[in-house]
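Asker: Here is a sequence with its predicted model. Questions after.
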Number of protein chains: 4
Amino acid sequence: VASPPHIAVVGASTADADVDATAEEVGRLLAEAGAVVVCGGLGGVMEAAARGAQDAGGTTVGLLPDDDRARANPYLTVAVATGLGEVRNTLIVRDADAVIAIAGEYGTLSEIAFALRIGKPVVGLGSWDIEGVETASDAADAVERALR
Amino acid sequence: VASPPHIAVVGASTADADVDATAEEVGRLLAEAGAVVVCGGLGGVMEAAARGAQDAGGTTVGLLPDDDRARANPYLTVAVATGLGEVRNTLIVRDADAVIAIAGEYGTLSEIAFALRIGKPVVGLGSWDIEGVETASDAADAVERALR
Amino acid sequence: VASPPHIAVVGASTADADVDATAEEVGRLLAEAGAVVVCGGLGGVMEAAARGAQDAGGTTVGLLPDDDRARANPYLTVAVATGLGEVRNTLIVRDADAVIAIAGEYGTLSEIAFALRIGKPVVGLGSWDIEGVETASDAADAVERALR
Amino acid sequence: VASPPHIAVVGASTADADVDATAEEVGRLLAEAGAVVVCGGLGGVMEAAARGAQDAGGTTVGLLPDDDRARANPYLTVAVATGLGEVRNTLIVRDADAVIAIAGEYGTLSEIAFALRIGKPVVGLGSWDIEGVETASDAADAVERALR
């Protein structure tokens, strides 16, 4: 049995309604395709993607910056308290086979940059415009590109 | 809904039949009690504990030292490739609410020591005899102590 | 006695002659101002900045990605083998009071983003054009801004 | 020019007068032998070893658990704020060519275990009695064994 792909979904911890809907659809489509959703385990894009994936019966992992799991969103199959602060961004990327970045701020940029540095594909949806990031037109396009 | 406890099961990556049976029973009992089993994701005690837990319908997490998931044992709900080498031992302990150490060598000792250093309870089953480790008489006793 | 400021100088591991000269001058000016130069310990911008600082009698630290110090450039007061691979980028930034980015590629971008994420000032010299990075006109301007 | 050996000196952050004197002598002898002293950067054994080394003109490095350098002892050529908490113990050991453990509690035990796990020599002076640790009779013996 082949291990399922792990796709990181990264973005800001507070998201407006549109971004939230996009992240949820990305999560749902990833789950339907059999991928594991890896995220930072907190709110915003992380929570929406996990919710979408879990609603579709998928597996979700949250790698938290904290020493404990108190702030984990409720849509995670497994929350891991890394205690590493923002260094945990690098773990999310390291574990992923590809990264989907949805909107996001500096933390998201650090994940994009780290992914490109270590050669992981990055797909962007209204996120940072960095050379090397594949721009997707919508959630379905982003998931298709990430799973390629 | 309260989040389930996370119990780390640590020990050597090669285990003899007795140790293997003990680790499997520890995993099974943890799953039956609703705990998530956290381990290093490789063979030996890690694999036996994950197998026992997964057979009982539990959730298992493996935090691998490697950059990829190729060496993950097949009994993990989620395998995470940390890329941190043996530093990942500290993540296993950090995430756990308590640690059950079964036999094991220097890696296991590093996990015991790190757990005691940061104030996590450690239960030992034929493992290192270090002050502060609670010695359990068997798998059931170990699980009961770890979940206390 | 107040502890001296630590300024990270980040950039690509291969640098052309102009970038190299700029990095060396940045290192020299930081040393003359009493700052410790923190870098990734390898070649290119890291080596040029360390050389400039050491020639001026300054203290230089290189946080290497490797398990050993074999690839350390020869201009480091202290080389530290972190064994963390590219995760060490986050340590360089964490330790720094401010970051000077000179040219650079994705690794440099990860350092810029991580610094902005955790609230450290970033000064750019021909580097990534990211909102929040202060653009300096030359080495002297960069050092002055970083030490502010 | 060969790079100097790095010797980690580990032990408790509070030390009694005897332990303190031993750590200081170990630091002094390491410096006289041209070794760089690597430590955790705080008080007790770390501070005494750094003081001994610095008094003898040696180079000392402190890898702090903290996000900043405020708690660094004053005898460090370079203090590095890792922000990794107790995970920084693994960095001290990773960078070292050998480890000298003087007295110490669980943190020290984690360093001993991690060192043995990754194959670094460990010399003990009144420290944990773990198989694989070379027991030294005094500071001079410890330094001689570590530099072998």
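Answerer: Everything's here; your move.

Asker: Return the residues of chain A in contact with chain D.
Answerer: Neighbours of chain D within chain A, by Cβ under 8 Å from any Cβ of the partner chain: A:83, A:84, A:85, A:87. (C-beta placed from N, C-alpha, C; glycine too.)

Asker: Can you convert these into TSV and add a column each for neighbour count?
Answerer: Shown next, in TSV, are the residues of chain A next to chain D (neighbours: other Cβ atoms under 10 Å in any protein chain shown):
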residue	neighbour count
A:83	22
A:84	25
A:85	18
A:87	24
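
Asker: Quick check: of these, which lies closest to residue B:102?
Answerer: Comparing the residues of chain A next to chain D against residue B:102 with Cβ to Cβ places residue A:83 closest, at 23.9 Å.

Asker: so where do the strands sit in chain A?
Answerer: With DSSP state E as the criterion, chain A has strands at A:6-11, A:36-39, A:60-64, A:78-81, A:98-102, A:122-125, A:134-135.

Asker: Would you format those as a markdown table with mean neighbour count and mean pLDDT included?
Answerer: Listed next are the strands of chain A as a markdown table, based on neighbours: other Cβ atoms under 10 Å in any protein chain shown; pLDDT from 0 to 100:
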| stretch | mean neighbour count | mean pLDDT |
| --- | --- | --- |
| strand A:6-11 | 28 | 98 |
| strand A:36-39 | 30 | 98 |
| strand A:60-64 | 27 | 98 |
| strand A:78-81 | 26 | 98 |
| strand A:98-102 | 27 | 98 |
| strand A:122-125 | 24 | 98 |
| strand A:134-135 | 14 | 98 |
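
Asker: any chance of the ones you listed in CSV, with distance to residue D:9 too?
Answerer: Putting these into CSV (distance: least, Cβ to Cβ, whole Å) gives the following:
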stretch, distance to residue D:9
strand A:6-11, 40
strand A:36-39, 39
strand A:60-64, 34
strand A:78-81, 31
strand A:98-102, 41
strand A:122-125, 43
strand A:134-135, 50
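
Asker: Dump those strands into a markdown table; add distance to chain C as well.
Answerer: What follows is these, written out as a markdown table (distance: least, Cβ to the nearest Cβ, whole Å):
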| stretch | distance to chain C |
| --- | --- |
| strand A:6-11 | 12 |
| strand A:36-39 | 16 |
| strand A:60-64 | 13 |
| strand A:78-81 | 16 |
| strand A:98-102 | 12 |
| strand A:122-125 | 10 |
| strand A:134-135 | 15 |
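
Asker: hmm, back to that, restrict the residues of chain A next to chain D to those near chain B?
Answerer: With Cβ under 8 Å from any Cβ as the criterion, the residues of chain A next to chain D include A:83, A:84 near chain B.

Asker: what residues does chain A put near chain B?
Answerer: With the criterion set to Cβ under 8 Å from any Cβ, chain A comes near chain B through A:1, A:3, A:6, A:36, A:38, A:59, A:61, A:63, A:67, A:69, A:72, A:74, A:77-84, A:91, A:94-95.

Asker: rewinding a little: between the residues of chain A next to chain D, which is closest to chain C?
Answerer: Chain C lies nearest to residue A:87 out of the residues of chain A next to chain D, by Cβ to the nearest Cβ, at 4.7 Å.

Asker: Tell me if I'm right that the closest one and residue C:88 touch.
Answerer: No - with contact defined as Cβ atoms under 8 Å, residue A:87 does not count as touching residue C:88 (10.1 Å).

Asker: For residue A:132, which non-adjacent residue is spatially closest?
Answerer: Distance criterion Cβ to Cβ, 6 or more residues apart in numbering or on different chains; nearest residue to residue A:132, sequence neighbours excluded, is residue A:116 at 4.8 Å.

Asker: Show the contacting residues for residue A:123.
Answerer: Shown in contact with residue A:123 (Cβ atoms under 8 Å, 6 or more residues apart in numbering or on different chains): A:98, A:99, A:100, A:101, A:133, A:134, A:135, A:136, A:142, A:145, A:146.

Asker: Distance of it relative to chain D?
Answerer: Going from residue A:123 to chain D by Cβ to the nearest Cβ, to the nearest Å gives 30 Å.

Asker: How about residue A:17?
Answerer: Going from residue A:17 to chain D by Cβ to the nearest Cβ gives 35 Å.

Asker: For chain A, just list every one of the helices.
Answerer: A:17-32, A:45-55, A:88-95, A:106-117, A:139-147 (DSSP state H).

Asker: Give me the neighbour count for residue A:40.
Answerer: Residues lying near residue A:40 (other Cβ atoms under 10 Å in any protein chain shown) number 31.

Asker: Touching, it and residue A:61? I think so.
Answerer: No - with contact defined as Cβ under 8 Å, residue A:40 and residue A:61 do not form a contacting pair (10.0 Å).

Asker: Correct me if wrong: residue A:122 contacts residue A:109.
Answerer: No - using Cβ under 8 Å, residue A:122 is not in contact with residue A:109; the gap is 10.8 Å.

Asker: shared neighbours, the two?
Answerer: Residues within reach of residue A:122 and of residue A:109 at once, by Cβ under 8 Å, 6+ apart, are residue A:130.
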